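> here are the coordinates; sequence isn't available:
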Ligand code: ATP
Ligand code: MG
Ligand code: MG
């Protein structure tokens, strides 16, 4: 089986395999905090970790980093699981940092007994002030040299909820002069009297990220713990914590870092996305304009397109901004292969074919996907009155306008060649109707001489009598700026695009009635559209997944 050239992450693993690791040691994890929905940045991390699992046939744990009861919810746990499964990945074990609270606590007690941790009773402000700066050593807490017994007693009180939030914290006793600020007696535990979505009110103390993450990796015997670059300075602390508990016969996890992926014209941060939801800028986490996995799915993105996108940008050591057009390219590529072609008119202009008998209808053959014979064909109704797009007709136009103009001919896709004879206008001079005649022998696929006649333009159309009115949601970028959260002097919310949604009524061929929620089709010459879950029996709703870059006859 073919394997792509190695990226730097795979080189790290290959080097380890040459030294002291065997393939059986390899074990990865994806560690989301259940404080929001997964976004396209997470997809990079998911594809990286689960991709490594597939490459080395190694287990990948899904670990919920659930140490902050204030922000975490079961709803987010469920959404995260759904999204990873939908992306096509399977985790070996479903793990929760909260399952390790007892073990973490026991280790912390051991730290206290060994003089490696102490209870600090200062305010968080005072602790922050004493931290110092990278060039200036920190000041030791007046509580740093509390006796083991006093520390054990206070820690017990913290655990039992006998003290207020903020009364004490437990700190690791490391080095207040370290050049790495994170090593200056980091906080291991804080008191929180909050309900946790899994442990309820059992715990009143909650472990901090740095204390939890490495030890969780150790408990699960994860070999390589890949995280984003901002954790590079945390590595020293990750190692320090592990060294205190590591037993010789066990594997000691390694933290390694890769660059966060950012997408243009959006924000990829759960906190910022939560703000868009809270302020009603979008309708929810799965609003089709959101860069969340669930939003993209609702918009009509496929798992293949998202995985291809993540694989194509790969992993790197430097942060960069990926243009959203790259993501759009990937969905177009995928839908071009998969989506059936149908006809829908979004901005209708009525055409009356004056030499077509009144009351007559024909059901004409239409190919579902010219690139895929197996996709078969369907019937579309044709009659005397049809809709075409307003922009496809002009009274007069130059030679480059390969659409309909007076005295000019076009082919109606899957149907006949028509000629425009007369534009009917209202009292304001607006064109409200076009009268045409059709070439009776020109039916597509009939093989007649007239049907083989070359005319420059081909238009999509819908029979008025058979048209299915549908709600169509046209989306634009959610932000007007390519990097809305990269401005020092401005908040990202200032760049919200207030015109990111336009709703129109379109007229579609009746075959669309058969579609189900999340089905995607190509509205020929317009773009890809996906059935939204807001659809009802009376009115279908379509999301524009992405516009066509190139249309076949424009
Ligand atoms: P956010 O700021 O959106 O909450 P996070 O990093 O805090 O992101 P976590 O749930 O802690 O979110 O992330 C789970 C994993 O996904 C982590 O390993 C994290 O490094 C990775 N990750 C998050 N965002 C990105 C991104 N934009 N690009 C690549 N990996 C990411
Ligand atoms: Mg986080
Ligand atoms: Mg974060």
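Sure thing, it's come through. In this text the structure is predicted, and so the values were computed from the model without any measurement. Ligands and ions are numbered 1, 2, ... in the order given.

> Nearest to ligand 1: which residue in the protein?
residue 41 (2.2 Å; CB to the nearest ligand atom). C-beta: built from backbone N, CA, C; applies to glycine.

> got the contact list for that residue?
By CB atoms under 8 Å, 6 or more residues apart in numbering, the residues touching residue 41 are 260, 261, 262, 263, 268, 291.

> Apply 10 Å and report the result again.
228, 260-263, 266-270, 291, 310, 322 (CB atoms under 10 Å, 6 or more residues apart in numbering).

> where does this protein have low pLDDT?
1-5, 550-554 (pLDDT under 70).

> in it, which helix has the most residues?
Assignment by DSSP state H gives helix 40-56 as the longest helix of the chain.

> any idea how far the next helix or strand after it is from the chain center?
Going down the chain from helix 40-56, the next helix or strand is strand 60-64, by DSSP states H and E. Using CA atoms, centre = their mean, to the nearest Å, the mean C-alpha position of strand 60-64 is found 19 Å from that of the whole chain.

> Now do strand 60-64 against helix 40-56, angle only.
150 degrees (axes from the mean of the first three to the mean of the last three CA atoms, to 10 degrees).

> Strand 60-64 pairs with which strands?
strand 28-30 (parallel), strand 93-96 (parallel) (DSSP bridges).

> Which parts of this structure are helices?
So, for the chain - with DSSP H - the helices run 8-18, 40-56, 74-87, 101-113, 124-130, 148-160, 209-220, 235-245, 270-278, 293-299, 303-313, 324-338.

> hmm, back to that, I'd like the strands paired with strand 60-64 as JSON lines, with distance to residue 422 and mean neighbour count appended.
Output for the strands paired with strand 60-64, formatted as JSON lines (distance: least, CB to CB, whole Å; neighbours: other CB atoms under 10 Å):
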{"stretch": "strand 28-30", "distance to residue 422": "64", "mean neighbour count": "25"}
{"stretch": "strand 93-96", "distance to residue 422": "68", "mean neighbour count": "16"}
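
> what's around the residue nearest to residue 336 when sequence neighbours are not counted, how many residues?
Residue nearest to residue 336 in three dimensions, not counting chain neighbours: residue 371, with 7.1 Å by CB to CB, 6 or more residues apart in numbering. If you count neighbours by other CB atoms under 10 Å, residue 371 ends up with 10.

> Confirm for me that residue 371 is in contact with residue 333.
No - contact criterion CB atoms under 10 Å: residue 371 and residue 333 do not qualify, at 11.8 Å.

> Tell me the residues of the chain that contact ligand 1?
31-33, 41-42, 44-45, 65, 227-228, 260-261, 268-270 (CB under 6 Å from any ligand atom).

> Please indicate which of the residues you listed are buried?
31-33, 41-42, 44-45, 65, 227, 260-261, 268-270 (16 or more other CB atoms under 10 Å).

> which of the residues you listed sit farthest apart?
65 and 261 (19.2 Å; CB to CB).

> For the nearest residue to residue 450 once chain neighbours are set aside, give me its contacts.
Sequence neighbours aside, residue 441 is the residue nearest to residue 450 in space, at 3.8 Å (criterion: CB to CB, 6+ apart). By CB under 10 Å, 6+ apart, the contact set of residue 441 is 416, 417, 448, 449, 450, 451, 453.

> change it to 8 Å
448, 449, 450, 451.

> Distance check, residue 125 against residue 483.
33 Å (CB to CB, to the nearest Å).

> more neighbours, these two?
residue 483 (16 against 8).

> Ramachandran coordinates for the more buried one?
Torsion angles at residue 483 (phi, psi; degrees, to the nearest 10) stand at phi -130, psi 70.

> Please report how far the closest residue to it other than its chain neighbours lies from residue 266.
Closest residue in space to residue 483, ignoring its immediate chain neighbours: residue 321 at 5.7 Å, by CB to CB, 6+ apart. Residue 321 sits 10 Å away from residue 266, going by CB to CB.

> Cool, thanks, signing off.
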